[in-house]
Structure formats: C-alpha cells, structure tokens
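Trainee: next come a sequence and a model predicted from it.
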Amino acid sequence: MKRIESKLNTRSPEFHANAAHNRRLAEELKEKQRGARHDRPERDIERLRKQSKLLVRERLERLLDPGTPFLELSTLAANMAYDGEVPGAAVVAGIGIVSGREVLINAGDASVKGGAWYPLSVKKTVRALDIAIENRLPVVHLCDSAGGFLPLQANLFADRYYAGRIFRNQSILSKMGVQQVAVVCGHCTAGGAYVPGLSDYNVIVRGTGAIFLAGPPLVKAATGEEVTVDELGGCDMHTRLSGTADYPASSEEEAIAIARDIVAQFKRPEKTKIEWQEPEEPFYDPAELYGVIPRDIKVQFDMREVIARIVDGSRFHEYQPAYGTSLVCGYAHIWGYKVGILANNGVLFNDSALKGTHFIELCNQNKTPILFLQNITGFMVGKDYEQRGITKDGAKMIMAVSGSEVPKFTVIVNGSFGAGNYGMSGRAFDPRFLFMWPQSQISVMGAEQAANTLADVKLRQMARHGKQATAEDIAAIREPILEDYRRQSSAYYSTSEIWDDGILDPTDTRNALGMAISAALNTPIGEPRYGVFRM
C-alpha cells in the first residue's frame, strides 16, 4: 500500500491554533474522566472501608492481568444527568485481559449511591452485555449494588430495554455458550440476585456478600419473619445449603483470585481469521491530530490527514479516488488488522453514496471489517439532487450498511448530522463500537439550521395572525433553540445518554480501535446478504 502524502503544514499559525484548542479539549476530557473515576465523598469511601470492601477500581486492578490494557466504555455516562451525582452511572464496564483471556467486565460501583441502579446504570449494563453478545466475550460481573433506585423505578423496570434486559442478555450469553462468572462482593438484592444466579460460576465473599430476592426489612414487612442478612442470603447459607453460590471466599482478594482461576479454565476461542500483517506505527505522529481538526466545526478538512495518523505506516490503498470525492474509501491496517475505511470529505452526493455502497459490498465480499470516520452534515438536498435520485441512492447506502455482515466500527471525529449519521453507520445500525472525539457534535441538524428552520415556522405563524416580527421577537425564538441544540448535540451529552461507547482523546483512537477489532474477531463473519436495492 502507498503511504499517504500529508499536505498538512505543521508550522502554520492555523495548525498551532487548532492544536492548542484541541489539546485543551483533550485535557478537559481527561480531567472529567479522572473525576468520574475517582472523586467521591469521603463519607462514602469511609463507609466502604469500614465494611472491609475494596473500591471498584481496586477490584479491577486485582482482576486484570498486570500490564495489560483496559478499554473502558462510557466512562462519562450520566455526566449530565441526575445533577451530576451519579458518576459513570454507578457502573464500570470495559474490555480487559483476565488470565490471558479477553473478557467484558461489568462492575457495580458501591461508592456511588451504594451502587443503586439508576435508569442510565441499567442502560449502560445492557449495552455492555450487548457488546458481550455481539463479540462473544466472556463476562466477569463484580456485584455490589443497593438495587434499583426506587424513585425512578418507572424508567428502569417495565420496558423492553430496562432491567429485565440485563437478565435476558445473561441468558442469551449462556445459550450461546459464552461463559460468565460473578463475584458477589456486596448485596445482590431483588432483580440483582439474578446476576449471580444466571452466571455459570459465582463466588461470594463471607461477611459482605449476600444474595436474596428481598432483604430482611422487606421480608419482615411481607411475612413477619425476622432474619439476619447471613441467614437469609449470606456466603455460608448459599454455598452450603441453597447451592446458589459455588465458591466461598474469606475476602475480596481471595474471591477475585478464585474468579481469575475460573476464567483460566475457559476455553480460548478460535478467532475469525482476517488478513493480518506485522503492526507498524503510523509514519505521521498521531499527536498531529490535534492540529488537523479545526476549531470551528463548520470548517472542512481532509480526512486523509486523520487516516494518515491512525493506520499502520500511514499506508492507504484508496478506492475510486477520482469518483465521488466527498467520500474517501479504501483499505489500510490498524494494529496489523486489515480494515476498509469510509471517511467523509463533505456532504454525501449521489456519486459518493453509490461509491460507499459499492465499497461496503466489497468489504463484505472479502470479509474485511469496516471503519466509518464521520464528519458529515448529511446527504445533499435540493430539486436537482432529488431528480437525480439522492433519496434512492442514500437508501442504497443505508441498505448496504444495515445488511453488512463484517464488524463495523464508527468514530465521530467532528460532526454527525441528519441522515448522514445513518449512512455512515450511526448507533442505530449496530456498529460493534462507536466512539466520539471531544469537540464532536451529533444531532438531526446543526444548531443554526434548526434555529433558522423553527424561527421561520414561528414567523410565518405570526404573519398569519397579522403580527409583524421584530428583531427582538426573532432573537427570543432563536436563542433558546440554539442553547438547547448546543447542549444536547455535544459529545458530553451524547456520552451522558450512552449514545456512544465513550469519548476518546484523538491520540488514543488507534489503540482503542485495535482492541475493539481484536474483540470483534471472537465472532464468526457471516456470508453477505442484502435486501432489495432500489435501482
């Protein structure tokens, strides 16, 4: 493959201004992540210490193989919800190496509201188990939860993707033969009791671990029976009498050591074989990505400059370079794995949509995973383009994305607006992983377009009632819309709502993708099959 020839002037004032701006955003991201991971009220930490409990990150440190990477998912979930009082949505999830095996880890964080499940805690756990199902990853559950947060029960219990989906997903994993081990470090109450109950193996810590459908207060209220925690659901009862738990442990350290031993017995999966070569660092410094991305989201840039700083050796075989030039397509390697890349260099026109559709078919034909790099305002609109069939051609691309059998990965590197999000494998189209960069935005349209559209509707309504709008009237309409769109289209809002799998520092993108691709290859790749392409 030919090396990309970068045209970036790394000495220009524009490059340095962009770099300073994006480095600041990356530092803000790291500070937010650090706070979500570690900042807790002293009283909550002291409470856990008095119970002889480890903090969730201390548990992770003992579980993961030393010196191996951990791809944490949705670190900033709920960062803009619940008044910011539920960092990480009270759950730590991610992919790591335990006893030499790739596993998904789902860990309750008891330092946040006792590990209570909020609606976004449930959503994060369901998403984590979806990832385990899609990629056939064994799961280690570190259980320590106060149960569902009852004041918000209507938003976490009854619907299809609420708490019951956790247990459904566990059952599906078992049906698939994907193994799970639970470590019961604290209480598993009500529905939470089914997490260890549905795991293939479970370990319970004497004195702090407990499993029961109803705790002592509820049992007394319901039946009048007075019973202690240990009698009702403690370590010795469940390992000696009920058989609900398999292994007793005298401490969390011992429990985690037993769990590591159990995982060591798991059969190593045979990974799907795709083209692979010895990894090579990018020729161009990934840190230059800070200078590639403009400070203003409306300013266009060449996505080849991004590709050059992510892929092995900065080498890229571009497909149809002279056709449909607003979409860059081609092959490269990331950490040795061959991938097909679709990257936006502007709005999607008829020719670029057709080019993307054909390239997706090629990647499926030769079983090459696909990486979508999004910076897209949407498909082109207007009478001429509709007469040429832009809706029809956009539908072809959406059909190809939807019917794709190879693993898909999406990174929103700047803007993601309108139907362009769909054609470039947005969340609704099941990419195995979807990440964002800190300055990214996602919404049905840009804030300015939305404000202008809604203001125009309102002004026409006023005109019909005989009222002439003043400049103050127009501002009163536009400003609240702009404010809402700017807040709700930000990467931090997206990741708070778990519309993505996390925000990445741009320089971490290559490593995150390498781990994601490796995990995805635990699942066989099916033969390509599509629906009807409207011709």
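Mentor: Cool, the structure landed. Residues are numbered from 1 along each chain as shown.
Trainee: give the contact list for residue 267.
Mentor: Contact partners of residue 267, counting by CB atoms under 8 Å, 6 or more residues apart in numbering, are absent. For the C-beta atoms, the positions are set from N, CA and C on the backbone; glycine is no exception.
Trainee: from residue 100, how far off is it?
Mentor: Distance from residue 267 to residue 100, counting by CB to CB, to the nearest Å: 12 Å.
Trainee: again, but for residue 498
Mentor: Applying CB to CB to residue 498 and residue 100 gives a distance of 30 Å.
Trainee: okay, these two: which has more neighbours?
Mentor: Shown here are residue 498 and residue 100; by other CB atoms under 10 Å, residue 498 has more neighbours (21 against 11).
Trainee: could you pull up the contacting residues of the more buried one?
Mentor: 74, 77, 89, 120, 123-124, 127.
Trainee: try it again at 6 Å.
Mentor: Residue 498 sits next to 74, 77, 123-124, 127 when contact means CB atoms under 6 Å, 6 or more residues apart in numbering.
Trainee: name the residues of the longest helix along the chain that are buried.
Mentor: Using DSSP state H to define each element, the chain has its longest helix at helix 13-38. Neighbour counts over helix 13-38 (16 or more other CB atoms under 10 Å) mark 15, 18-19, 21-23, 25-26, 29, 32-33, 36-37 as buried.
Trainee: give the other helices and strands that it contacts.
Mentor: Helix 13-38 sits against helix 289-292, with contacts defined as 3 or more CB pairs under 6 Å, 6 or more residues apart in numbering; DSSP states H and E.
Trainee: quick one: mean pLDDT over the helix it packs on.
Mentor: Averaging pLDDT along helix 289-292 yields 98.
Trainee: past the lowest-mean-pLDDT helix or strand in the chain, which element shows up next along the chain?
Mentor: When the helices and strands of the chain are scored by mean pLDDT, DSSP states H and E, helix 447-464 comes last with a mean of 82. Beyond helix 447-464 on the C-terminal side, the first helix or strand identified by DSSP states H and E is helix 471-488.
Trainee: tell me which other helices or strands that following helix touches.
Mentor: Helix 471-488 packs on helix 447-464, going by 3+ CB pairs under 6 Å, 6+ apart.
Trainee: so the helix it packs on versus helix 471-488, what angle?
Mentor: Going by axes from the mean of the first three to the mean of the last three CA atoms, to 10 degrees, helix 447-464 is angled at 140 degrees with respect to helix 471-488.
Trainee: got a list of contacts for helix 447-464?
Mentor: 469, 477-478, 481-482, 485-486.
Trainee: repeat that for 8 Å
Mentor: 443-445, 468-469, 473-474, 477-478, 481-482, 485-486, 489.
Trainee: ok, those residues vs residue 309, which is closest?
Mentor: residue 489 (25.5 Å; CB to CB).
Trainee: and the residue nearest to the closest one when sequence neighbours are not counted, what are its phi and psi?
Mentor: Closest residue to residue 489 apart from its sequence neighbours, by CB to CB, 6 or more residues apart in numbering: residue 443 at 3.8 Å. Backbone torsions for residue 443, taken as degrees, to the nearest 10, come to phi -170, psi 170.
Trainee: residue 220 and residue 214 touch, don't they?
Mentor: No: using CB atoms under 8 Å, residue 220 is not in contact with residue 214; the gap is 9.6 Å.
Trainee: and the two? Which one has more around it.
Mentor: Taking other CB under 10 Å, residue 220 and residue 214 do not tie; residue 214 has more neighbours (17 against 13).
Trainee: quick one, what contacts the more buried one?
Mentor: With CB under 8 Å, 6+ apart, residue 214 has these contacts: 189-190, 222.
Trainee: same deal with residue 7?
Mentor: 302, 305.
Trainee: how about it, secondary structure?
Mentor: coil (DSSP: H, G, I helix; E, B strand; the rest coil).
Trainee: contacts only, for residue 502.
Mentor: 72-76, 435-436, 495.
Trainee: what strand or helix carries residue 373?
Mentor: Counting by DSSP H and E, residue 373 is found in strand 370-376.
Trainee: C-terminal to that strand, what's the next element?
Mentor: helix 383-388.
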